[in-house]
Structure formats: C-alpha cells, structure tokens
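In: the following comprises the amino acid sequence and a computationally predicted model.
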Amino acid sequence: MLKIKKIKVALILVLSSCFVLLSQNDSTYYQPSRQSQNKTKQSDFNWKEKLIFGGNFWFQFGRVSYIDISPLIGYKVTKDFIVSAGPVYSSISQSYGNTVYRFDLYGGRILARYYILQSFYAQVGWDKLNRPMPYQYATNNRVWIDNVWVGGGLKYPLGGNSYSSITILYNLNQTDLSPYTNPYIQVGFMFGF
C-alpha cells in the first residue's frame, strides 16, 4: 500500500514537471526588431575574450643557472586556430672554478596553433634570435639566427581551465648556431584563473 502511494506521488511529480517544460516562443506574436538584432550581433563580438596569455618562464640557480622569460600574447582567430607573438630572453651561466661563462639570447617569436581534434594540435612558428658567436664570447661578436618550427602536440585537461601539454617541434632551419636541438620537446602546464 505504501509502495503504491510512493509510485503515485512520483508519477504526479514527473507529469507536472513535463507541463512546465512544454512552452514555446512563437515568432508570429513576438519578433525582435532589426535594430535589436544588429545591436546583439555587434555586442556579441568582444575581442578581449579572444585574447590569451602564456609563454615560458623558467628560473634555475646553481652551478649552472638558467633564466628563460618568453611571454606570449595570443588571439583566438576561431575556436580551433590561435596565433601568438612575444619577446624572448634567455640567459645561461655556468661556473668552472673561478670563471663564469655566460650566454645571453634575445629576440622574438611568432607561432600559430590549429587544433585538429579537441586535444591534438599542429603548430608552426618562427624565432628571430640574437646570440653570441660560439667560442668568441669575450669579443662581443653576435649573430642573428632564424628558426622555422613545424610540429604538433597533445593537450590534456586537468580540470577547470587548467591543462598540461607536450609539444614536439622540428627546426627546418637547423644550423650549428641554433641554440636548440632537433627535435625540440616542450612539456608545459597551463593554469587558468
């Protein structure tokens, strides 16, 4: 008897909630004006929401010290296509006894990333970097080098706006002056606020 009452109450609740869900917006009685439609379309575009920030920030101190400050500012052209640009500064110093060798690198970079699937992406980029000539550190001879990158990676969500990623890039313009080796593998973490 108690079971039948529970079933009846549950059935009444389910049926009454269905009536709430049955509604419509009939355009015969309501049609927004063209002016309000145009205002809605114009206000839908907010370029600030399409900006993204990231890059590399690395500090290591000791017998071998390494500093990398390479911020990026990007723009989501579409949901799947992002372009970014930013400055690059790296400093490596290594001590041997009483002598310290220092290597400074600076320049800029641009890159484009296209998400083929939700987690897989293809990436291309270009770096224009200034570095000292090898074995001529005391003479201040510096040279500009170009790195042309192609590759891709995987983005793994960690929850919320946070994710980890691994990117494998290949420098098409690899020379003895390039500060990176082929392939260049980046592992990163992104935390959204």
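Out: Yep, that arrived.
In: name whatever forms a beta bridge with the residue most central in space within the chain.
Out: In the chain, the residue lying closest to the centroid (Cα atoms, centre = their mean) is G54, at 6.1 Å. For G54, the beta-bridge partners under DSSP bridges are L72.
In: and it, how far from D104?
Out: As judged by Cβ to Cβ, to the nearest Å, G54 and D104 stand 23 Å apart. Heads up, the C-betas are built off the backbone N, CA and C, glycines and all.
In: ok so, going back, A85 is in contact with the residue nearest to the centre of the chain, correct?
Out: No: at 11.5 Å, G54 and A85 do not qualify as touching, with contact defined as Cβ atoms under 8 Å.
In: overlap in contacts, those two.
Out: Common neighbours of G54 and A85, counting by Cβ atoms under 8 Å, 6 or more residues apart in numbering, are 72, 74.
In: remind me which residues of this protein are low pLDDT?
Out: By pLDDT under 70, the low-scoring segments of the chain are 1-45, 135-139, 190-193.
In: where exactly do the helices run in it?
Out: In the chain, the helices defined using DSSP state H lie at 2-21, 34-44.
In: which residues touch the residue nearest to the centre of the chain?
Out: 71-72, 74, 84, 190.
In: now the buried members of those.
Out: Taking 16 or more other Cβ atoms under 10 Å as the criterion, what is buried in the contacts of G54 is 72, 74, 84.
In: surely the second one and F53 touch.
Out: If I follow you right, that is G74. Yes: counting by Cβ under 8 Å, F53 is a contact partner of G74 at 7.4 Å.
In: all strands of this protein, in order?
Out: In the chain, the strands defined using DSSP state E lie at 51-60, 64-76, 81-96, 99-115, 120-132, 142-159, 162-171, 184-190.
In: save these as JSON lines, and put in distance to L177 too.
Out: Converted to JSON lines, the strands of the chain look like this (distance: least, Cβ to Cβ, whole Å):
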{"stretch": "strand 51-60", "distance to L177": "20"}
{"stretch": "strand 64-76", "distance to L177": "18"}
{"stretch": "strand 81-96", "distance to L177": "14"}
{"stretch": "strand 99-115", "distance to L177": "11"}
{"stretch": "strand 120-132", "distance to L177": "7"}
{"stretch": "strand 142-159", "distance to L177": "5"}
{"stretch": "strand 162-171", "distance to L177": "11"}
{"stretch": "strand 184-190", "distance to L177": "15"}
